[in-house]
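[1] Requesting a structural model of the entry that follows:
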Amino acid sequence: MLVTQEGSADPYLPQKVFTDQNSDVSDPGKGQLTRTYLRKFSQIRIVMLVTQDRYAYGNSDDLDWDPKDTADASEHTFSSRKEKDPSCKAVLLAVLSISLLVALCVLGILYSKLLRSSDLLKEQSRNAAVDIEIQEQNATDGTFGRRKYYYFSSEKLNWMESRDYCMKTGGQLVTITGKDDQNNLASKLNEPHWIGLHDLYTEGHWMWVDNTTLSGEAFWHKRTTGLSEPDNWTQEDSDGEDCACLESEWFDASCSQLKMFICEK
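    Next up is the predicted model:
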């Protein structure tokens, strides 16, 4: 029967060894048997340790590594990142450029709308002020019952387009029937405006857009030398000057010229 005996000095061997209970360990033959057991057990222990290491870490060949290989791998990874950086920067720059362009376009549109709104408000304010002044003047003159409403354009059209514009809004190009109308309107202008007077059908026969013939007072510009208005000048337009405009006085002009205009209703 085998029993264990403590006292093994090998740290990888258990502290007990197998021996024969009926034998004397001092016997040289029996001592040889004990040493044989120790050597065999040590070999088995070493084989077990190596096998465990292989299962834990894989093939022993996989454990062989070269520091140079690690450095090469790190350098390859870093260089790959460096190669990707320029493309990332290019994409980012393109996105920022497009965003800036869109922002500028939006700002331009908003600014344009703001300018148009500002011009419209100025025009409405101007027309309202003129209307109030003319109403006050008519009331003072005792002519309040024939009050007129005027529209002073901010855009420039030719005479035909101006006439059509006024008609579409329910009015007509302005007719001037007396000195008060002439003075009130002329005082509001700083450049020529189309009025509803023309001689398109018969040269020299001036008519208003309501088909009434010009009669009574006329406020044509008079020159100290040369021909006074209307002079039907043909240097700029071979068809002559068949439409009238108002500044401080009346002038005939080519109907194709672009001017501001005055509507009434």
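[2] When you work out contacts or count neighbours from here on, use the C-alpha atoms and nothing else.
    Will do.
[3] List the residues that contact residue 249.
    Residue 249 makes contacts with 186, 219, 220, 221, as judged by CA atoms under 8 Å, 6 or more residues apart in numbering.
[4] nope, residue 214 is what I was after
    Applying CA under 8 Å, 6+ apart, the residues near residue 214 are 206, 207, 208.
[5] let's go with 6 Å and repeat that
    Listed by CA atoms under 6 Å, 6 or more residues apart in numbering, the contact partners of residue 214 are 206, 207.
[6] Pop the domain breakdown of the protein in here.
    Using automatic domain parsing, the domain parsing of the chain gives 2-60, 65-145, 148-264.
[7] tell me the mean pLDDT for the longest one?
    Here domain 148-264 scores 93 as its mean pLDDT.
[8] So how do I select the buried members of the contacts of residue 249 in ChimeraX?
    Selection command for ChimeraX covering only the buried members of these, criterion 16 or more other CA atoms under 10 Å:
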select :186,220,221
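[9] Could you dump the contacts of residue 249 into a markdown table with distance to residue 114 added?
    Formatted as a markdown table, these follow (distance: CA to CA, whole Å):
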| residue | distance to residue 114 |
| --- | --- |
| 186 | 30 |
| 219 | 40 |
| 220 | 40 |
| 221 | 40 |
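[10] Let me know the closest of the contacts of residue 249 to residue 86.
    residue 186 (68.7 Å; CA to CA).
[11] what's the spacing between the closest one and residue 247?
    Going from residue 186 to residue 247 by CA to CA, to the nearest Å gives 6 Å.
[12] now the strands for the chain?
    When secondary structure is read from DSSP state E, the chain shows strands at 2-6, 16-20, 150-152, 172-173, 193-198, 207-208, 243-246, 250-253, 260-264.
[13] Strand partners (parallel or antiparallel) of the fifth one?
    The strands that strand 193-198 pairs with in its sheet are strand 207-208 (antiparallel), strand 243-246 (antiparallel), strand 260-264 (parallel) (by DSSP bridges).
[14] contacting residues for the nearest residue to residue 256 once chain neighbours are set aside?
    Once flanking residues are discounted, residue 256 sits nearest to residue 158: 5.1 Å by CA to CA, 6 or more residues apart in numbering. Listed by CA under 6 Å, 6+ apart, the contact partners of residue 158 are 256, 257, 258.
[15] Adding distance to residue 99 and neighbour count as columns, could you present these in JSON lines?
    Conversion of the contacts of residue 158 to JSON lines gives the following (distance: CA to CA, whole Å; neighbours: other CA atoms under 10 Å):
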{"residue": "256", "distance to residue 99": "45", "neighbour count": "15"}
{"residue": "257", "distance to residue 99": "44", "neighbour count": "14"}
{"residue": "258", "distance to residue 99": "41", "neighbour count": "16"}
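[16] I'm done for today, thanks for sticking with me.
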